[in-house]
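Novice: With the input below, show me the fold.
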Amino acid sequence: MTNRQLFLRHVAQTSDAPLALEIVRAEGVHLYDESGKKYLDLIAGISVCNLGHSHPRVVEAVKRQAERYMHLMVYGEFVESPQVAYAHLLARHLPSTLNSVYFTNSGAEAIEGAMKLAKRYTGRPEIVAFQDAYHGSTQGALSIIGQEYFRRAYRPLVPGITHLRYGNTGDLSQITTRTACVICETVQGEAGVIRPDPAWLQALSARCRETGTLLILDEVQAGLGRTGTLWAFERYGVVPDVLVLGKALGGGMPLGAFVADREMMGVLSRDPVLGHITTFGGHPVSCAAGLAAFQTLLDEKYIDTVAQKEALFRQLLHHPRIRSLHVAGLLIAVEFASFEFNKRVIDACIREGVLTDWFMFAPQSLRIAPPLTITPAEIRAACNVITGVLDTL
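Specialist: Purely as a prediction, here's the structure:
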């Protein structure tokens, strides 16, 4: 049997139509399949590979750490230098109130931890989230995502969840002294790259302060430079009580985190002790990879190039079949008339050697979220393929 046949038979599937590309090598912004065909990667593993694939500094960090030690003990018991160094570096580049990092395996697990932290710290039972929000697929994260289509088959879910309209100031009155936290994507990703009005996000923050509610910002997709600043919230004049990170945090390795003030985070360690634990969260190899990737992101100043690259995409993505562009740095949704047409575009682009995808809650929109290392020449090549495909459909 071929690898593809074995994949379909023995690897649990998430849809009836997986891409099923057999990739044998990845380097920079390119993937290579078993036939040797090269693909320009416009989605970076869904916003994971900020530095592209197999960056030498990240690969070397993984090798070096794997030779020293891998798993030692459940998270939080031993002093493991990759965790310590990465948490310290993150804290140095965050506001002073975001000084304690709890590492997890993924963004969804970080959301779960943040939900528990908010309930434990405030003693309150209710959580507010937003329509068309995406926070992950685990039970708690699923309870707060903002589309019933994805929730309904798994009910009953976590109780006490209210979904408000993202960007609607009138809905903020529903945040009360019973609300433990508001969980909000700084930029809504799966909704098709929806950026908030700064005044609305500031009003949300003010309402949280007024009611003693924790503001949790989810930057799993939008963080680590993708929108043109290290943290997306820097553009909006707010500072969250809890910040949730994932995807690019691990430099291509599995890693997530929720970050809060040390005093707040301390409630997870008592009454009960071990109030939140993980076996593999903050794995030393993942932390070593993430640390190397984060330091490289800072050293090479790739974030400083995001605005220029965003402008180039805006300039080149003009076509009568494109209804609109929703853009936040190098997170871009190209909207077409329907999912059916978008899927034809995606499939044709893949045939032409450009890998892209769609958004869960905006299936009519084509996803562009390339490595931040993509060059202007590579952007031009990718956009030429997209517009060329549109000419033929």
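
Novice: Walking through the stretch 251-393 of the chain, point out its strands one by one.
Specialist: Remark: strands of the stretch 251-393 of the chain, listed N- to C-terminal, are 256-260, 324-328, 331-335, 354-355, 357-359, 362-368; assignment by DSSP state E, counting those that start in this stretch.

Novice: Please read the previous query as pertaining to the stretch 1-150 of the chain.
Specialist: Using DSSP E, counting those that start in this stretch, strands in the stretch 1-150 of the chain cover 23-27, 30-33, 38-41, 100-104, 126-130.

Novice: Ile144: which of those strands is closest?
Specialist: strand 126-130 (3.9 Å; CB to CB). C-beta here means a position set from N, CA and C on the backbone, and glycine is covered the same way.

Novice: re earlier: tell me which of the strands of the stretch 251-393 of the chain is the most buried.
Specialist: Each of these was given a mean neighbour count from mean count of other CB atoms under 10 Å, and the largest, a mean of 28, is that of strand 256-260.

Novice: Run through who's touching it.
Specialist: Taking contacts as CB atoms under 8 Å, 6 or more residues apart in numbering, the residues outside strand 256-260 that touch it are 90-91, 94, 97-111, 113-114, 117, 216, 220, 241-246, 249-250, 281-282.

Novice: in its sheet, what does that strand sit against?
Specialist: Looking at strand 256-260 with DSSP bridges, its partner strands are strand 100-104 (antiparallel), strand 242-245 (antiparallel).

Novice: which one of those lies closest to Arg152?
Specialist: When these are compared for distance to Arg152 using CB to CB, the nearest one is strand 242-245, at 24.7 Å.

Novice: outside of the closest one, which residues touch it?
Specialist: 94, 98, 107, 110-111, 114, 117-118, 135, 181, 214-220, 223-224, 231, 233, 256-260, 264.

Novice: Among those residues, which are located in helices?
Specialist: Among these, the members falling in helices are 107, 110-111, 114, 117-118, 264 (criterion: DSSP state H).

Novice: farthest-separated two in these?
Specialist: Greatest spacing in those, by CB to CB: Gly107 and Met264 (19.8 Å).

Novice: Compare these two (neighbour count), which wins?
Specialist: Under the neighbour definition other CB atoms under 10 Å, Gly107 and Met264 were set side by side, and Gly107 has more, 27 against 19.

Novice: What are the neighbouring residues in contact with that one?
Specialist: Counting by CB under 8 Å, 6+ apart, Gly107 makes contact with 135-136, 218, 220, 244-247, 256.

Novice: just Cys208 next, same as before
Specialist: Applying CB under 8 Å, 6+ apart, one finds that Cys208 lies in contact with 175, 182, 214-215, 241.

Novice: now the strands paired with strand 256-260 in a markdown table, with mean pLDDT?
Specialist: Conversion of the strands paired with strand 256-260 to a markdown table gives the following (pLDDT from 0 to 100):
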| stretch | mean pLDDT |
| --- | --- |
| strand 100-104 | 98 |
| strand 242-245 | 98 |
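
Novice: Arg25 - how many residues pack around it?
Specialist: Taking other CB under 10 Å as the neighbour definition, Arg25 ends up with a count of 13.

Novice: One more: Pro125?
Specialist: Count around Pro125 with other CB under 10 Å applied: 11.

Novice: Quick check: the gap between it and Pro159.
Specialist: Applying CB to CB, to the nearest Å, one obtains 8 Å for the distance of Pro125 from Pro159.

Novice: again with Met360
Specialist: Plainly put, Met360 is 24 Å away from Pro159 if you go by CB to CB.

Novice: between the two, who's got more neighbours?
Specialist: A count of neighbours by other CB under 10 Å puts Met360 above the other of Met360 and Pro159, at 17 against 9.

Novice: Touching, that one and Glu190? I think so.
Specialist: Yes - under the criterion of CB atoms under 8 Å, Met360 is in contact with Glu190, at a separation of 4.2 Å.

Novice: any shared contact partners between those two?
Specialist: What both Met360 and Glu190 touch, as defined by CB under 8 Å, 6+ apart, is the set Tyr134.

Novice: Show me the helices in the protein, by range?
Specialist: According to DSSP H, the helices that the chain contains are 3-10, 44-47, 56-68, 81-92, 107-122, 139-144, 148-151, 198-211, 262-265, 284-299, 306-316, 339-351, 376-392.

Novice: helices or strands up against the longest one?
Specialist: On a contact count with 3 or more CB pairs under 8 Å, 6 or more residues apart in numbering; DSSP states H and E, helix 376-392 meets strand 38-41, helix 306-316, helix 339-351, strand 354-355.

Novice: Mind checking those for the one nearest to Ala288?
Specialist: When the helices and strands packed on helix 376-392 are ranked by proximity to Ala288, the top entry is strand 38-41, at 23.5 Å, counting by CB to CB.

Novice: so who does Leu42 touch?
Specialist: If you count contacts by CB under 8 Å, 6+ apart, Leu42 has them with 354-356, 367-370, 382.

Novice: Could you rerun that using 10 Å?
Specialist: For Leu42, the set of contacting residues under the criterion of CB atoms under 10 Å, 6 or more residues apart in numbering consists of 29, 313, 330, 332, 349, 354-357, 366-371, 374, 378-379, 382-383, 385-386.

Novice: All set now, cheers.
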